[in-house]
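>>> I need the structure of the sequence given here:
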Amino acid sequence: MKILGKHTDPNEKSKGKYVLIGLAALLLTGGMYFGVTRILNNPTEKPKESVTAKESSSSSKAKPTASSTKKSEKKTTKKSSEKKKETKKTTESSKKKTTKSSSSKKQETTKKTTAKAKKTTPKLNASTLTKSAGKVYYGVHYFKDKQDFSSNNSERTIAANVIELFIMDYALAQKDGSEQVIQDKKLNEWLTPMIQQNDINATNVLIDHYGMDNMNGYFKDQGYPDTVIERRMVDINVRSTDKDNYTSLNDCMKLLKKIYDSREKEPQKTMLEMMKGQVIRTKIRAQLPKDVVAGNVTGEQQNVENDIGLVLTEDNPFAIVVLTKDASDILKTRTAIADFSLAATKVK
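Got it, this is the predicted structure:
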């Protein structure tokens, strides 16, 4: 009997194929499911991470801001404190400077005051002068330093020929000044002998020409209350019991200051030149060095020895006034005036 080989049923082969296809499909489906599941899960996790990252980043950003704020606050505080310190230092230094400057100013003021105090009391000894006559009025004014040395006893006293300086002041103050013509002579032809030689005839011509009342009114207006002309000039040995011509220490000093202050202008310039030409030099100018320029108007009358003038030393020019009465010893009085004038030139 012939044995035949075993053959597979066609239906069984198709079934196997389907089984394999089904398994493959299952595997594919499972892989797809797994993949989908992973895909679906990842988006849900990423936002958390991103949120966390954002939060962490935002917190990390916020923290530096706070710290930077604190740092800035610290810096501001430091700067303000430093500024305050600097301000305090500046204020303190300015106060110190102010204190130093004020103290230095006080010291300078004290020094100046002390210096002035020293200068306002010149070392002039007037004891010999005051003993030379019954009554003596004297004064010295230094123009540069404005120092004064005076007997401080000004009052109306006999002027003698010193009144001629006031007459010249009035005459030159009139219209046409030195060009005036009086008795066919120019004014200066009368003033020169009157001032430089005590020519009483020339003085009387001017008194008669201008009139006593007019001159006395002028003296009063100019601030010379003690200066008055009551009579014409007479011989120095004649004593007048009724009337006389008067002046004072203060009036004479005021006129001399006026002449000096305006010495570059007319008519004071002419007045000073007239005074410089004085030929009678027995008192103020008797002992002055030859190189010292001076101008004066001297006056003599019975028991009266007067002299007033400007001593123009280079270092310390001054005005000097000496009026006396009851001078019993003429030589003694004149010498005392000369010594006093010389001593005044040595005061610095």
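>>> any idea how far residue 341 is from residue 195?
Using Cβ to Cβ, to the nearest Å, one gets 19 Å for the distance from residue 195 to residue 341. C-betas here are computed from N, CA, C, even on glycine.
>>> repeat for residue 332
Applying Cβ to Cβ to residue 332 and residue 341 gives a distance of 15 Å.
>>> The two: who's more crowded?
Between residue 332 and residue 341, counting by other Cβ atoms under 10 Å, residue 341 is the more crowded of the two (26 against 15).
>>> can you map out the helices along the stretch 201-348 of the chain?
212-221, 249-261, 268-276, 330-345 (DSSP state H, counting those that start in this stretch).
>>> Reformat these as CSV; add distance to residue 26.
Below are the helices of the stretch 201-348 of the chain laid out as CSV (distance: least, Cβ to Cβ, whole Å):
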stretch, distance to residue 26
helix 212-221, 150
helix 249-261, 141
helix 268-276, 147
helix 330-345, 148
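>>> Looking at the ones you listed, which is nearest to residue 242?
Minimum separation from residue 242 across the helices of the stretch 201-348 of the chain (Cβ to Cβ) falls at helix 212-221, 14.1 Å.
>>> what angle separates the closest one from helix 249-261?
With axes from the mean of the first three to the mean of the last three Cα atoms, to 10 degrees defining the directions, helix 212-221 sits at 80 degrees from helix 249-261.
>>> So what touches helix 212-221?
With contacts defined as Cβ atoms under 8 Å, 6 or more residues apart in numbering, helix 212-221 is touched by 166-167, 170, 173, 207, 225, 227-230, 251.
>>> Okay, strands next: where are they in the stretch 151-300 of the chain?
157-158, 181-182, 185-186, 246-247, 293-301 (DSSP state E, counting those that start in this stretch).
>>> now, of those strands, which is deepest in the fold?
Among those, ranked by average contacts under mean count of other Cβ atoms under 10 Å, first place goes to strand 246-247 (a mean of 24).
>>> Show me what that one packs onto, helices and strands only.
strand 157-158 (3 or more Cβ pairs under 8 Å, 6 or more residues apart in numbering; DSSP states H and E).
>>> For the chain, which residues score under the pLDDT cut-off?
1-19, 22, 24-25, 29-122, 235-241 (pLDDT under 70).
>>> run the last query once more with 80
Along the chain, segments meeting pLDDT under 80 span 1-123, 235-242, 348.
>>> ok, so of the contacts of helix 212-221, who is nearest residue 295?
Distance to residue 295, by Cβ to Cβ, is smallest for residue 166 among the contacts of helix 212-221, at 15.3 Å.
>>> ok, back up a step: of all the helices of the stretch 201-348 of the chain, which one is nearest residue 146?
Closest among these, once you apply Cβ to Cβ, is helix 249-261, at 10.6 Å.
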